[in-house]
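> Starting from these lines, generate the structure:
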Amino acid sequence: MSPGTRIQVDLFFKDKTPKQVNEEFPQLLPVIKAAKDKASKVNIGQINEEITITAKYHVCNHDEPNTPCEPWVEI
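Presented below is the predicted three-dimensional model:
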């Protein structure tokens, strides 16, 4: 296998709902979806195949006592 570029991004937008983030950055989700369409898995078909085509978001409640984070939503 030839070398490739692997990108990982983790962003937290304090006090913003997913809708508000999408309104502020309307190009973000479409660009992520387009990049996923072009990406490929690492070691595809092998025992050590990696899940490298994933992008997801969730509402994070880490600052709220006894409030779990909401489920992940795939982009």
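> any idea how far residue 38 lies from residue 31?
Distance, residue 38 to residue 31, using Cβ to Cβ, to the nearest Å: 11 Å. Where C-beta positions appear, they are placed from N, C-alpha and C, glycine not excepted.
> More neighbours: which of the two?
Set side by side, residue 38 and residue 31 show more neighbours around residue 31, with 10 against 7, by other Cβ atoms under 10 Å.
> I'd like to know how many residues surround the closest residue to residue 16 other than its chain neighbours.
Spatial nearest neighbour of residue 16, excluding adjacent residues (Cβ to Cβ, 6 or more residues apart in numbering): residue 24 at 7.4 Å. Residue 24: 10 surrounding residues under other Cβ under 10 Å.
> And for residue 53?
Neighbourhood size, residue 53 [other Cβ under 10 Å]: 13.
> repeat for residue 19
Here the count is done by other Cβ under 10 Å, and residue 19 has 8 residues near it.
> repeat for residue 59
The burial count for residue 59: 13, using other Cβ under 10 Å.
> do residue 29 as well
Residue 29 is flanked by 15 other residues according to other Cβ under 10 Å.
> Right, I'll leave it there.
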